[in-house]
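**Student:** model this:
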Amino acid sequence: MFELKTTLGVTKSILYSELSAQVSGLLVNERDWLANTANISAFLYQGIPGLNWAGFYFLRSSELVLGPFQGKVACVRISLGRGVCGTAALRRETIVVPDVSQFPGHIACDHNSKSEIVIPLVKEGILIGVLDLDSPLISNFDQLDAEGLGQIMKLLIAGTDFSGLI
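**Tutor:** Coordinates of the predicted model:
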């Protein structure tokens with residue numbers, strides 16, 4: 001059984017260093033995309049302070065479709081270019097939104113969410129989907145989160161067989 005090591009009260013640099021090391025361990029001997037993204041969504045939801053939603057959306061034709069997540073019931077389909085997830089996917093770049101009420105076209109799946117970060121998952125130039133994290137706190141995410149989560153997504157992509165999705 002895998003148990004999340006506590007990271008309470010540490011700096012974001014230390015938090016993401018610890019989380020990355022633990023994700024590496026979590027991915028050992030498992031390459032299934034569904035199993036790994038389910039575990040990673042639960043892991044991040046428990047390991048990152050101030051979250052109210054953590055999950056994945058995967059590209060299917062021209063839209064993102066809900067994947068494994070932790071939190072309240074979510075939007076099931078998001079068009080490319082729509083909302084934070086669709087915009088990050090279309091641009092293939094991480095988007096940090098300090099206040100979702102200021103993001104044009106924001107999709108409010110949970111009205112308690114105040115800030116958001118979305119990291120695209122790209123493998124060998126192909127968009128697989130996005131990681132989406134929401135927080136009920138304004139400005140909960142910053143560049144350190146973008147870098148730390150980007151590193152964790154690189155570990156996920158390298159350690160996972162996404163051939164069933166691509």
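
**Student:** can you give me the strands in the chain?
**Tutor:** Listed in chain order, the strands of the chain (DSSP state E) span 53-60, 63-71, 77-79, 95-97, 115-123, 126-135.

**Student:** can you name every helix or strand that the third one contacts?
**Tutor:** Put plainly, it is strand 77-79. On a contact count with 3 or more C-beta pairs under 8 Å, 6 or more residues apart in numbering; DSSP states H and E, strand 77-79 meets strand 63-71, helix 83-91. Where you see a C-beta, it was placed from the backbone N, CA and C, and this is true even at glycine.

**Student:** avg pLDDT for the last one?
**Tutor:** What that stands for is helix 83-91. On average, the pLDDT along helix 83-91 is 96.

**Student:** try stretch 61-70
**Tutor:** Mean predicted lDDT for stretch 61-70 stands at 96.

**Student:** and what of stretch 40-51?
**Tutor:** pLDDT averaged over stretch 40-51 gives 96.

**Student:** need the residues that contact it.
**Tutor:** With contact meaning C-beta atoms under 8 Å, 6 or more residues apart in numbering, stretch 40-51 is reached by 4, 7-8, 15, 19, 22-23, 26, 53-56, 67-71, 131, 133-137, 140, 145, 149, 152, 156.
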